[in-house]
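# Here is a sequence together with a model predicted from it:
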Amino acid sequence: MEMIPSFFDSRRGRSVFDPFSSFDFMDPFKVFAPFTSSPNSLVSLENSAFVDTRFDWKETPEAHVFKADLPGLKKEEVKVEIEDDRVLQISGERSVEREDKNDAWHRVERSSGKFLRRFRLPENAKMDQVKASIENGVLTVTVPKEEIQKPDVKAIEISG
């Protein structure tokens, strides 16, 4: 008698999903095919960079720091803006490489198109001191923080 049932044993007539059986045939890019296959889809191929642009946001004692990998983009192709309601907006565009009629493309995997990300900043952000730089394909946006003054607490002596 078997103490632990085998989930992958089809001899008993059970058809159970084997998560390891599909690794040889799995194409990770086909997962997104329903979203990129038609021109009227949710995400078109022209805007694929929008989906791929990911940011890190960390808070240090002095500032909020945003970082994104933007390989191949020049600072002229990236725009960092602050809106009145404490929204940091970062956008840009990676142009499609010009095609030569004599070129034969075998694979195109690098994304091109526009991207746009928006972040609502907390109350302690110094909106007038935001700095941005691109170095080695990494965009860094630093938003300094105001020191939140802790209210003075005065102990009140209780009489009685």
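In hand now; what should we look at?
# For my notes, confirm E76 occurs in a helix.
Yes: the assignment for E76 by DSSP: H, G, I helix; E, B strand; the rest coil puts it in a helix.
# Quick check: pLDDT value at it.
On pLDDT, E76 comes in at 93.
# which ones are touching it?
By Cβ atoms under 8 Å, 6 or more residues apart in numbering, no residues touch E76. (Each C-beta comes from the backbone N, C-alpha and C, glycine too.)
# again, but for F55
For F55, the contacting residues are F66, K67, A68, I90, R117, F119, by Cβ under 8 Å, 6+ apart.
# List the contacts of the first one.
This points to F66. For F66, the contact set (Cβ under 8 Å, 6+ apart) comprises F55, D56, W57, L88, I90, F119, L139, T140, V141, T142, V143.
# Which of those residues fall within strands?
By the criterion of DSSP state E, membership of the contacts of F66 in strands covers F55, D56, W57, L88, I90, F119, L139, T140, V141, T142, V143.
# Give the PyMOL command for selecting the buried subset of those residues.
Those of the ones in strands among the contacts of F66 that count as buried under 16 or more other Cβ atoms under 10 Å are selected in PyMOL with:
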select buried, resi 88+90+119+139+141+142+143
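# Which of the ones in strands among the contacts of F66 sits closest to K126?
Within the ones in strands among the contacts of F66, proximity to K126 (Cβ to Cβ) peaks at V143, which comes in at 6.9 Å.
# Show me what the closest one bridges to in the sheet.
Counting by DSSP bridges, V143 forms beta bridges with H64.
# those strands in this structure, which residues are they?
55-59, 63-69, 78-83, 87-94, 113-120, 131-135, 138-144.
# Any chance of TSV for these, columns distance to G160?
Formatted as TSV, the strands of the chain follow (distance: least, Cβ to Cβ, whole Å):
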stretch	distance to G160
strand 55-59	45
strand 63-69	48
strand 78-83	54
strand 87-94	53
strand 113-120	49
strand 131-135	56
strand 138-144	48
